[in-house]
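K.L.:
no sequence on hand, only this structure:
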């Protein structure tokens, strides 16, 4: 088993205020990893810094044993739905076709085989019947499935998803998590920013627990300890009890 992600002393700040401080960790390939922590813990900031979408103050990282620039074609990213312009005039099929672009040469348009592959990806997420719809006409769960299909179309090795279950229906959530588990069974690595701790044990193999700093990283059983969770959530005992971590 190789290394999917290696981070050493990652720091990120906004206007002089620390958002992520001194995070170091290594994720092995083939893992389904959840990033958890309280609101304002820097979870999305951490993810964006890893993907070089925002600048970091310092720190080194490698993805699949190389730099982010060299590994770009092997990475798929599904952003938060709130960051997407759903009024953009693009159909579901065209949105998924964008996932094939990293594998096209400059100025080449997708061919028949690329469209067939995009349709297969839509079928996998149960959205093939909506291929001609404008993406803004879909429900939240349907939109999220379409963007997962776009990620699948990239044929990536490492998948990053930022809060994929927010505002989606239960059917879509079950479809998405099942596909993510299947990807890991195929040797892919999946890293997910997640907010619902009650489902962490069912969804993930490992957890990254953040509160600006790395509080804990390990298996769900290792991280889901009362003292570790309360350290990250700073004594929110009622909330911790709600998720089933006895104090």
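P.N.:
Thanks, I have it. Quick caveat, the model's predicted, so the values are computed rather than measured. Numbering: from 1, shown residues only.

K.L.:
give the helix, strand or coil label for residue 216.
P.N.:
strand (DSSP: H, G, I helix; E, B strand; the rest coil).

K.L.:
now the strands for the protein?
P.N.:
Taking DSSP state E, the strands of the chain run over residues 3-14, 17-28, 32-36, 58-63, 75-78, 158-162, 189-193, 206-211, 213-219.

K.L.:
dump the ones you listed to a markdown table, plus mean pLDDT, distance to residue 127 and mean neighbour count.
P.N.:
No exception for glycine: its C-beta is placed from N, CA and C like everyone else's. Putting the strands of the chain into a markdown table (pLDDT from 0 to 100; distance: least, CB to CB, whole Å; neighbours: other CB atoms under 10 Å) gives the following:
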| stretch | mean pLDDT | distance to residue 127 | mean neighbour count |
| --- | --- | --- | --- |
| strand 3-14 | 97 | 27 | 17 |
| strand 17-28 | 96 | 29 | 17 |
| strand 32-36 | 97 | 22 | 24 |
| strand 58-63 | 96 | 28 | 17 |
| strand 75-78 | 95 | 14 | 20 |
| strand 158-162 | 97 | 17 | 23 |
| strand 189-193 | 98 | 19 | 25 |
| strand 206-211 | 97 | 29 | 24 |
| strand 213-219 | 97 | 33 | 17 |
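
K.L.:
could you dump the ones you listed to TSV with distance to residue 171?
P.N.:
Listed next are the strands of the chain as TSV, based on distance: least, CB to CB, whole Å:
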stretch	distance to residue 171
strand 3-14	29
strand 17-28	29
strand 32-36	20
strand 58-63	32
strand 75-78	18
strand 158-162	18
strand 189-193	18
strand 206-211	25
strand 213-219	29
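
K.L.:
out of those, nearest to residue 117?
P.N.:
strand 75-78 (14.1 Å; CB to CB).

K.L.:
what residues does the most centrally placed residue in the chain make contact with?
P.N.:
Taking CA atoms, centre = their mean, the centroid of the chain lies closest to residue 161, which sits 1.7 Å from it. Contacts for residue 161 were tallied using CB atoms under 8 Å, 6 or more residues apart in numbering; they are 77, 78, 148, 151, 180, 190, 191, 192, 193.

K.L.:
10 Å - rerun?
P.N.:
35, 47, 76-80, 144, 147-148, 151, 176, 180, 190-194 (CB atoms under 10 Å, 6 or more residues apart in numbering).
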